[in-house]
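Engineer: Pasted the sequence and its predicted model underneath.
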Amino acid sequence: MKQEKFPVPRKAASKLRSVRLTAPHPQEVRLIGGQWKRTKLAVIDKPGLRPTPDRVRETLFNWLGQDLTGWRCIDAFAGTGALGFEAASRGANQVLLVEQDTTLVVQLRRIQTQLQASATNIVRGDGIAALKQLDPASVHAVFLDPPFESLLFDAALQAAGRAVTVDGFVYLEAPVLWSDAQLADAGLCVHRHLKAGAVHAHLLRRLA
């Protein structure tokens, strides 16, 4: 695995303008399972930073299975790193965390040191570009949680659909529900879906 946030569908764009997450983000997040179960990770007070809620992550990793031993994963918009470090905690062999913000990258590296997370690689850069640099069908799980007001969703999904293995998964966190028709161009379809407040959590699979 090479080591070194996509556009919103037209139908979703009008809905996106009205979506705001008004609740303050937590000052820490908790890893749910694996070797670092219950470990709390500090969250920097930074505008726009939106950690995946604990219960959503718990559901996601129930969907994926508790044991990710041997998996190769990429957290393309790492932010707090909760998704990437959760994957590593559950045994993933290689986890690439990509983040553009320098302050967040510094915090991710602090957490990496705190956990002694040797399976993780933290890169400052563009998540879509990092996905495009991966070999086709080379990662078992792609985590996509771009800024909700960005126009990054389509490009990210296209890159993720290329990078994920045939039997792998793409996790998409978005402010609106994505339909199979909207995902078809990326070669993906909805496998599981959960709505938690203003968050739509999707687990996607490759089209047959």
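Structural biologist: That came through fine. Treat the numbers as computed from the prediction; the structure is a model and nothing was measured.

Engineer: Let's check: the centremost residue of the chain is which one?
Structural biologist: Nearest to the centroid of the C-alpha atoms of the chain, with distances taken as Cα atoms, centre = their mean, sits residue 143, at 2.7 Å.

Engineer: What is the helix or strand encompassing that one packed up against?
Structural biologist: Using DSSP states H and E, residue 143 sits within strand 139-144. Other helices and strands packing on strand 139-144, by 3 or more Cβ pairs under 8 Å, 6 or more residues apart in numbering; DSSP states H and E, are strand 72-75, helix 82-89, helix 153-163, strand 164-174. To be clear about C-beta, it is placed using only N, CA and C from the backbone, and glycine gets the same treatment.

Engineer: right, and the ones you listed - which one's nearest residue 54?
Structural biologist: Residue 54 lies closest to helix 82-89 among those, at 8.5 Å (Cβ to Cβ).

Engineer: List the neighbouring strands of the next helix or strand along the chain from that closest one plus their orientation.
Structural biologist: Reading on from helix 82-89 to the C-terminus, the next helix or strand found by DSSP H and E is strand 94-99. Under the criterion DSSP bridges, strand 94-99 sits next to strand 72-75 (parallel), strand 120-124 (parallel) in its sheet.

Engineer: Could you point out the helix or strand that follows strand 94-99?
Structural biologist: helix 102-115.

Engineer: Just want the angle from that next one to strand 120-124.
Structural biologist: Angle of helix 102-115 versus strand 120-124, following axes from the mean of the first three to the mean of the last three Cα atoms, to 10 degrees, is 170 degrees.

Engineer: Return the set of buried residues in helix 102-115.
Structural biologist: Across helix 102-115, burial judged by 16 or more other Cβ atoms under 10 Å covers 104-105, 107-108, 111-112, 115.

Engineer: quick one: which of these is nearest to residue 95?
Structural biologist: Taking Cβ to Cβ as the measure, residue 95 lies nearest residue 112 of the buried residues of helix 102-115, at 10.0 Å.

Engineer: give me every residue that touches the nearest residue to the closest one once chain neighbours are set aside.
Structural biologist: Leaving out its chain neighbours, the residue that sits closest to residue 112 by Cβ to Cβ, 6 or more residues apart in numbering is residue 120, at 5.5 Å. Neighbouring residues of residue 120 by Cβ atoms under 8 Å, 6 or more residues apart in numbering: 84-85, 88, 95-97, 112.

Engineer: Please name the nearest non-neighbouring residue to residue 131.
Structural biologist: Closest to residue 131 by Cβ to Cβ, 6+ apart is residue 159, at 3.6 Å.

Engineer: ok, that neighbour to residue 91 distance?
Structural biologist: 25 Å (Cβ to Cβ, to the nearest Å).

Engineer: More neighbours: which of these two?
Structural biologist: residue 159 (24 against 15; other Cβ atoms under 10 Å).

Engineer: I'd guessed that one sits against residue 136; true?
Structural biologist: No - using Cβ atoms under 8 Å as the test, residue 159 is too far from residue 136 to be in contact (10.6 Å).

Engineer: picking up where we left off before, mind giving me CSV with the contacts of residue 120 and columns for distance to residue 166 and pLDDT?
Structural biologist: What follows is the contacts of residue 120, written out as CSV (distance: Cβ to Cβ, whole Å; pLDDT from 0 to 100):
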residue, distance to residue 166, pLDDT
84, 22, 97
85, 26, 97
88, 23, 98
95, 20, 98
96, 20, 98
97, 24, 98
112, 30, 97
